[in-house]
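Peer 1: This is the structure alone, sequence omitted:
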């Protein structure tokens, strides 16, 4: 079995799904000839032609607005937004049309659309290339938000997203596009949407993370072994709809929790997860839940970005804090 | 010379066949038979009366906020008549005319404005999208629909409606640009009704015409007299045929006038005077058709009264039928959000039911 990084795994998923289903079209800025600025769609236009891998004009709303029309007509478009920082003009289409056409038409029209976008910090990128807007999108009804944390996960989750009958925002943590290599099988396998992954079992404390933060959480857990703290790590995988049962079951077991996300703290998904734990597992808690997050500031430029991003040290400190109760 | 060459926006000419006095522009002839003209007049009358009823129902509290068509009937009836089965209509929110022309029932149309989403569910085979309230956003959808059809090798055309206000929005420009680049079979129909709520056409754009915006995107554009059923129909027909045969998109600007309010929630006396409306009254699309059909012996007061009575009867029934639709069960507001209801929604629905 080939060892692939996340870019290659996503490329493989796209290639296999496009072979399987000729309704799939990929569209976005530089996705064709260039193969995408991160090479995620590399070679796809050469293989499938310009009608299925489409270099569009430079207009994000145009990309998702027309992709919406394509999906309603019966295609299975996969739109790429080159960086998450450019998704904001699309929120009108996502919120007002994409997320609600099934409901508005009482099932007559549907939107099986995937919007892929690299997201998150940690690659010393320019401004507007390091944001984590997942909570903004998770707040919108009618769309699913999926974030993989490894190459294997990326392929399986993308296949499920493409086959899903409803719109999916697929955020790809660009920091780990090439940082992790693991075995990724060829051919079909899928990982169900809406189900979190128990990455590592532990009995003392639950750390909940997604995307690039899963690796940070695992590194923290490794360090904490020296302190005899046994950390359970959950990879949320699907941000919306959220798998509250897996979260609650783990908290009921450990009684303690830390949530890690790159996005700003206020109204981040961490707050939602704490609220869900309060609803479902409050009486199991032995300590308040801690959050290790970005801050309520614009993501800094490369010289100071390291202050912003959660790291194993901050995660370990939060774990020790919840263990001190 | 094609129609779009002859009336290229830079010629400054507006395409017209039937003048306001009911006579034909010299050298022009009606594009459809007198029987068809009569049938379309009948349809326009039905639409105007159904629209008036909607306003009345709103005043009585039986209808939600409503955006009336009054004055724009020729734009919608003429353009939708140029479509074929299988084509798509992508409306804004003032499209009672185009919607009914596509075969959607008045009962269903009323049901939506009475506050039931089931009224937005077009029957299978009728490709009418739900209304689009965020102005101009739907122009992109019509490009996507048409583009998909083209990629599938299906000879389907998408006709999108929007107003003069929408041409100020980025979505409109992105839509025109995509349509031009990919030559999608999209017909952009701008009903220039002179107002975006209270803001007049002159404050939307410094362009001399809206039609001329097509030039920047490498598309055909044409300004037509939007109150002239014949011109609207013929221009749209040419655009539809061109689109179907691979010739790409067209922007049609129908110059018309909104006699009513933007919606039932606004008061037009705040932003326009009776004196401003006055010159438009003789330009009403019905006036010239009555002259024209009258000359042919196909219209008089008696015929009008008969058609009105027939229409009112049908409208009565539609109101009755729409009001007789039972209020949906609580499950309905959850069950169409996704194909399969996810766990959090199931929990929220159960909670809501437990409180009822």
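Peer 2: Structure received. Bear in mind the structure is a predicted one, so any value in this text is a computation, not a measurement.

Peer 1: what's the burial count for the nearest residue to residue A:35 once chain neighbours are set aside?
Peer 2: Spatially, and ignoring its direct neighbours in sequence, residue A:35 is nearest to residue A:42 (3.3 Å; C-beta to C-beta, 6 or more residues apart in numbering or on different chains). Where C-beta positions appear, they are placed from N, C-alpha and C, glycine not excepted. Other residues near residue A:42 come to 17 when the count uses other C-beta atoms under 10 Å in any protein chain shown.

Peer 1: do the same with residue B:33
Peer 2: Neighbours of residue B:33 (other C-beta under 10 Å): 9.

Peer 1: again with the one 4 residues further on
Peer 2: With neighbours defined by other C-beta under 10 Å, the count for residue B:37 comes to 22.

Peer 1: With the one 10 residues further on instead?
Peer 2: Residue B:47 has 24 neighbours, counted by other C-beta under 10 Å.

Peer 1: where does the stretch 151-300 of chain A come near chain B, residue by residue?
Peer 2: Applying C-beta under 8 Å from any C-beta of the partner chain, one finds that the stretch 151-300 of chain A approaches chain B through A:164-166, A:194, A:241-245.

Peer 1: so which of the residues you listed comes closest to residue A:62?
Peer 2: The closest of these to residue A:62 turns out to be residue A:166 (C-beta to C-beta; 22.1 Å).

Peer 1: In terms of pLDDT, where does the residue lying closest to that closest one once chain neighbours are set aside sit?
Peer 2: Once flanking residues are discounted, residue A:166 sits nearest to residue B:338: 5.0 Å by C-beta to C-beta, 6+ apart. Residue B:338 carries a pLDDT value of 98.

Peer 1: ranges for the helices of chain A?
Peer 2: For chain A, applying DSSP state H gives helices covering A:6-20, A:44-48, A:60-73, A:91-93, A:101-104, A:134-138, A:151-163, A:213-224, A:244-254, A:269-281, A:305-308, A:312-323.

Peer 1: most packed of these?
Peer 2: Of all those, helix A:60-73 carries the top mean neighbour count, a mean of 29, counting by mean count of other C-beta atoms under 10 Å in any protein chain shown.

Peer 1: Quick one: distance of that one to the chain centre.
Peer 2: Taking C-alpha atoms, centre = their mean, to the nearest Å, the mean C-alpha location of helix A:60-73 is offset from the chain mean by 21 Å.

Peer 1: Stretch A:6-17 too?
Peer 2: Stretch A:6-17 has its C-alpha centroid displaced from the chain centroid by 16 Å (C-alpha atoms, centre = their mean).

Peer 1: Next: stretch B:140-151.
Peer 2: Mean C-alpha position of stretch B:140-151 versus that of the full chain (C-alpha atoms, centre = their mean) differs by 19 Å.

Peer 1: Spatially nearest residue to the residue in the stretch 201-325 of chain A positioned nearest to chain B (excluding sequence neighbours)?
Peer 2: Nearest residue of the stretch 201-325 of chain A to chain B (C-beta to the nearest C-beta) works out as residue A:241 at 3.7 Å. Excluding the flanking residues, the one nearest residue A:241 by C-beta to C-beta, 6+ apart is residue B:342, at 3.7 Å.

Peer 1: For that neighbour, what are phi and psi?
Peer 2: Dihedral angles phi and psi of residue B:342 (degrees, to the nearest 10) take the values phi -70, psi 160.

Peer 1: about what we covered before: isn't the residue nearest to residue A:166 right up against residue A:168?
Peer 2: No: with contact defined as C-beta atoms under 8 Å, residue B:338 does not reach residue A:168; the gap is 10.7 Å.

Peer 1: Please enumerate the shared neighbours of those two.
Peer 2: residue A:144 (C-beta atoms under 8 Å, 6 or more residues apart in numbering or on different chains).

Peer 1: Averaged pLDDT, the stretch of helix or strand residue B:147 belongs to. What do you get?
Peer 2: Assigned by DSSP states H and E, residue B:147 belongs to helix B:138-151. Averaging pLDDT along helix B:138-151 gives 98.

Peer 1: What angle do helix A:60-73 and it make with each other?
Peer 2: Here helix B:138-151 runs at an angle of 60 degrees relative to helix A:60-73 (axes from the mean of the first three to the mean of the last three C-alpha atoms, to 10 degrees).
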